[in-house]
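In: Give me a model of this one.
(chains A and B)
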Amino acid sequence: MLLSVKDLRVKYGNIEAVHGISFDVDEGEIVTLIGANGAGKSTTLMTISGLIPAAGGSITYDGQDLLRCPPHKIVGMGVAHVPEGRRIFGNLTVEENLRLAAYARNDKEGIRKDLERVYDIFPRLGERKHQLGDTLSGGEQQMLAVGRALMTKGRLMLLDEPSMGLAPILVREIFEVLREINRQGTTILLVEQNARMALKLAGRGYVLETGNIVLSGTSEELMANPDVRRAYLGG
Amino acid sequence: MTLAFFFQQLLNAVQLGSIYALIALGYTLVYGVLRLINFAHGDIFMAGAFIGYFVATLLVGVGIGWPWGFILTLLFSMILTALLGVGIERVAYRPLRTAPRLSVVVTALGVGLLLEHIALGAFGASRRNLPPLLPETWMQSVEINIMGEYLSFTWLKVLIIVISLLLMIILQVIVRRTKAGMAMRAISYDKFAVPLMGVPMDRIIAITFILGPSLAAAAGVMYATQYPVIEPYMGLLVGWQAFIAAVVGGIGDIRGAMVGGFILGFVQIFVVALGQFPALSFLSSTYRDLVAYALLLIILVVKPTGIFGVATRQKV
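Out: Numbers count the residues shown, from 1 in each chain, chains lettered A, B, ... in the order given. Sure thing, here's the model as predicted:
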């Protein structure tokens, strides 16, 4: 098991946002957490990557305890997080954004190869490598956000709403790339409001409702479940 | 205005401006990564001058004079003041990383007062002069003939300008060309995502507190060479002026701090210089700061974020 979350509780001040959830992700899988706005999906991802502290429970990645690890160490251990809203550095060029994501790495040759790999996967980033992040379109920014995650050399990629605000054709393009990245060996934990796209991509999924996991199963099972169909797939 | 007179004042303005710019850079660098106005920065400048004074006294005492005495004084003052800066961040600001911003600002004011009163308690209120680190002739006026007019300057002024520009170039290289500099720029844009890039925030913040205070120390030593006034409150007025320079340039922007520093230097010098002409005699040196700040206020009215500043994006 690559990632194992057990009885995770997260609080914002006195308000508990995640009430003891458990789930796991095996090496090579694509797993999705689906749920409505405010269900605690982003909170869960941010707790895994160490941006917010847990109030209880455990997070184990590759046999190591992630709680109490600072976020930059967690990145160094191989957990890449593509945050909600992409969070591109608009005052840095595309290439600087990518190089910054390799901050913890010292393998010059490996960094150069991974840059080429990112430009290979997203040719539009290669064309715009000297442009500032601010000048990119939403789709290009999402590509750059995924590219940065690749540059950290993560074994596990956490993706928070990669479809947000993008035209359907771009969403399909991004999801196609995610499938390819997964085929090349990266495990993916995907958080999405676009449950249909997420379940099509993922092998398994968990349904999160107001801080609790209410359902889990393979994507086929979830897509066939009447509750899921009604609440997340539009009937 | 004659050409020689103009150039002479220009030289004065660039020299004063480069001191302001060096200090303003410290305000802007720290603001860039922590969104904190480090109100102790003027007193860090004072500490740099005091440290320089003791290093210089030691060096001159053992017979090390120009040029090594000067170079080593500058260097050691920068290093020790950088340590002081890193220590202040570690002890006073880091525990408040997640505290409300007002708490940190008040703490910064407190740190400034603490530095002033440590200096006052330990060294007294009397003014001190740096021991002679430069050859006599560098402090004396030199006159050169420009088209029949005499331009008078000191080599010290030229030295201060050259060193300041050199330091600013080095800073630019660090910020533009190194990984740490890239991380600093990224933090100033959006610090949320920076740790997700594998960047150790604490180290970048420490580097910022190496850069800012070491530039302030260099400014302190050079200021003390030019104006013999090392005393515990020397950082107050100069610190405020440099802060204003940073705001006028656009706080958080490195070019802004430099441009703001030079603008302030120019305005202050030329208000006094122009006052020497009968038609402009109302511009006496008494009004120097009044006119200077009025002009700067006009700049801020026209562009509230400063010359290079952009309005901060409010993020959810």
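In: Next, the contact list for B:Gly220, please.
Out: B:45-52, B:77, B:81, B:235 (CB atoms under 8 Å, 6 or more residues apart in numbering or on different chains). To be clear about C-beta, it is placed using only N, CA and C from the backbone, and glycine gets the same treatment.
In: repeat that with 10 Å
Out: B:19, B:22-23, B:44-53, B:74, B:77-78, B:81, B:213, B:230, B:234-235, B:238 (CB atoms under 10 Å, 6 or more residues apart in numbering or on different chains).
In: Just the buried subset of those, written out for ChimeraX, thanks.
Out: Of these, the buried ones can be selected in ChimeraX as follows, counting by 16 or more other CB atoms under 10 Å in any protein chain shown:
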select /B:19,22,23,44,45,46,47,48,49,50,51,52,53,74,77,78,81,213,230,234,235,238
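In: Out of the contacts of B:Gly220, list just those in helices.
Out: B:19, B:22-23, B:44-53, B:74, B:77-78, B:81, B:213, B:234-235, B:238 (DSSP state H).
In: Chain A contacts on the stretch 101-250 of chain B?
Out: Selection of the stretch 101-250 of chain B residues close to chain A by CB under 10 Å from any CB of the partner chain yields B:176, B:179-180, B:182-183, B:185-190, B:192-204.
In: Check chain A and tell me which residue is nearest its centre.
Out: In chain A, the residue lying closest to the centroid (CA atoms, centre = their mean) is A:Leu159, at 1.5 Å.
In: If that residue is in a bridge, with which residues?
Out: Counting by DSSP bridges, A:Leu159 forms beta bridges with A:Val82, A:Leu190.
In: Mind pulling up the pLDDT for it?
Out: Note for A:Leu159: predicted pLDDT of 98.
In: Give me the below-cutoff pLDDT ranges for chain B.
Out: Filtered on pLDDT under 70, chain B yields the residue ranges B:1, B:311-316.
In: let's see it at 80
Out: Across chain B, the ranges flagged by pLDDT under 80 are B:1-2, B:146-147, B:278-286, B:310-316.
In: what sits against the most far-flung residue of chain B relative to its centre?
Out: Relative to the mean C-alpha coordinate of chain B, counting by CA atoms, centre = their mean, the farthest residue is B:Gly148 (36.3 Å). Residues near B:Gly148 by CB under 10 Å, 6+ apart: B:2-4.
In: do the same with B:Leu80
Out: Counted by CB under 10 Å, 6+ apart, B:Leu80 has contacts B:47-48, B:50-52, B:54-55, B:213-214, B:217.
In: Number of residues surrounding A:His86?
Out: You called it His, but residue A:86 is Arg. If you count neighbours by other CB atoms under 10 Å in any protein chain shown, A:Arg86 ends up with 23.
In: so is it in a helix, a strand, or just coil?
Out: coil (DSSP: H, G, I helix; E, B strand; the rest coil).
In: from what I can see it touches A:Met143, true?
Out: Yes. Contact between A:Arg86 and A:Met143 holds when scored by CB atoms under 10 Å: they sit 9.4 Å apart.
In: tell me, what's touching the two both at once?
Out: Joint contacts of A:Arg86 and A:Met143 (CB under 10 Å, 6+ apart) are A:136, A:162.
In: Make a PyMOL selection of whichever of the residues of the stretch 101-250 of chain B next to chain A turn out to be buried.
Out: Buried residues among those (16+ other CB under 10 Å), as a PyMOL selection:
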select buried, chain B and resi 180+182+183+185+186+187+188+189+190+193+194+195+196+197+198+199+200+201+204
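In: For chain B, which segments count as helices?
Out: Using DSSP H, helices in chain B cover B:3-34, B:41-61, B:68-88, B:101-123, B:136-139, B:155-177, B:179-189, B:201-226, B:234-249, B:254-274, B:288-302.
In: would you list these in TSV and tack on distance to A:Arg124?
Out: Below are the helices of chain B laid out as TSV (distance: least, CB to CB, whole Å):
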stretch	distance to A:Arg124
helix B:3-34	30
helix B:41-61	43
helix B:68-88	42
helix B:101-123	39
helix B:136-139	58
helix B:155-177	25
helix B:179-189	22
helix B:201-226	30
helix B:234-249	35
helix B:254-274	30
helix B:288-302	39
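In: so which of those comes closest to A:Leu166?
Out: helix B:179-189 (21.9 Å; CB to CB).
In: Next, the angle helix B:155-177 makes with the closest one.
Out: 80 degrees (axes from the mean of the first three to the mean of the last three CA atoms, to 10 degrees).
In: just checking, what packs against helix B:179-189?
Out: helix A:94-101, helix B:3-34, helix B:155-177, helix B:201-226, helix B:254-274 (3 or more CB pairs under 10 Å, 6 or more residues apart in numbering or on different chains; DSSP states H and E).
In: so which of these gets nearest B:Leu96?
Out: Here helix B:3-34 is closest among the helices and strands packed on helix B:179-189 (CB to CB), at 9.9 Å.
In: Could you give me the buried positions within the closest one?
Out: B:4-5, B:8-9, B:11-34.
In: quick check: angle from it to helix B:201-226?
Out: Going by the same axes, to 10 degrees, helix B:3-34 makes 160 degrees with helix B:201-226.
In: got the CA positions of stretch B:8-20 in PDB?
Out: Only the C-alpha atoms of stretch B:8-20 are listed here, as PDB (Å, rounded to 0.1, in the frame of the first residue of the first chain):
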ATOM      1  CA  GLN B   8      28.200  68.000  -8.400                       C
ATOM      2  CA  GLN B   9      24.700  67.900  -7.000                       C
ATOM      3  CA  LEU B  10      24.000  64.800  -9.100                       C
ATOM      4  CA  LEU B  11      26.900  63.000  -7.500                       C
ATOM      5  CA  ASN B  12      25.600  64.000  -4.000                       C
ATOM      6  CA  ALA B  13      22.200  62.800  -4.900                       C
ATOM      7  CA  VAL B  14      23.400  59.500  -6.200                       C
ATOM      8  CA  GLN B  15      25.500  58.900  -3.100                       C
ATOM      9  CA  LEU B  16      22.700  59.800  -0.700                       C
ATOM     10  CA  GLY B  17      20.200  57.800  -2.800                       C
ATOM     11  CA  SER B  18      22.400  54.700  -2.900                       C
ATOM     12  CA  ILE B  19      22.500  54.600   0.900                       C
ATOM     13  CA  TYR B  20      18.600  54.900   1.000                       C
END
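In: How far away from the center of its chain is that stretch?
Out: 13 Å (CA atoms, centre = their mean, to the nearest Å).
In: what does stretch A:57-77 give?
Out: With CA atoms, centre = their mean, you get 15 Å for stretch A:57-77.
In: my read: A:Ser137 touches A:Leu170, true?
Out: Yes. Using CB under 10 Å, A:Ser137 makes contact with A:Leu170 at a distance of 8.7 Å.
In: which residues do the two both contact?
Out: A:Met143.
In: More neighbours: those two, which one.
Out: Per other CB under 10 Å, whichever of A:Ser137 and A:Leu170 has more neighbours is A:Leu170, with 18 against 13.
In: Quickly find the element holding the more buried one.
Out: Assessed by DSSP states H and E, A:Leu170 sits inside helix A:168-183.
In: since we're on the nearest residue to B:Ala119 once chain neighbours are set aside, how many residues are nearby?
Out: Of all residues not flanking B:Ala119 in the chain, B:Pro232 sits nearest, at 3.9 Å (CB to CB, 6 or more residues apart in numbering or on different chains). Using other CB under 10 Å, the number of residues around B:Pro232 comes to 23.
In: A:His130 now?
Out: Neighbour number of A:His130 under other CB under 10 Å is 9.
In: likewise the one 3 residues further on?
Out: Residues within reach of A:Gly133, counting by other CB under 10 Å, total 24.
In: how far away is it from A:Glu96?
Out: Relative to A:Glu96, A:Gly133 is positioned 8 Å away (CB to CB, to the nearest Å).
In: Overlap of the contact sets of the two?
Out: A:89, B:186.
In: Would you mark the buried spots in stretch A:112-123?
Out: Taking 16+ other CB under 10 Å as the criterion, stretch A:112-123 shows A:114-115, A:118-119, A:121-122 as buried.
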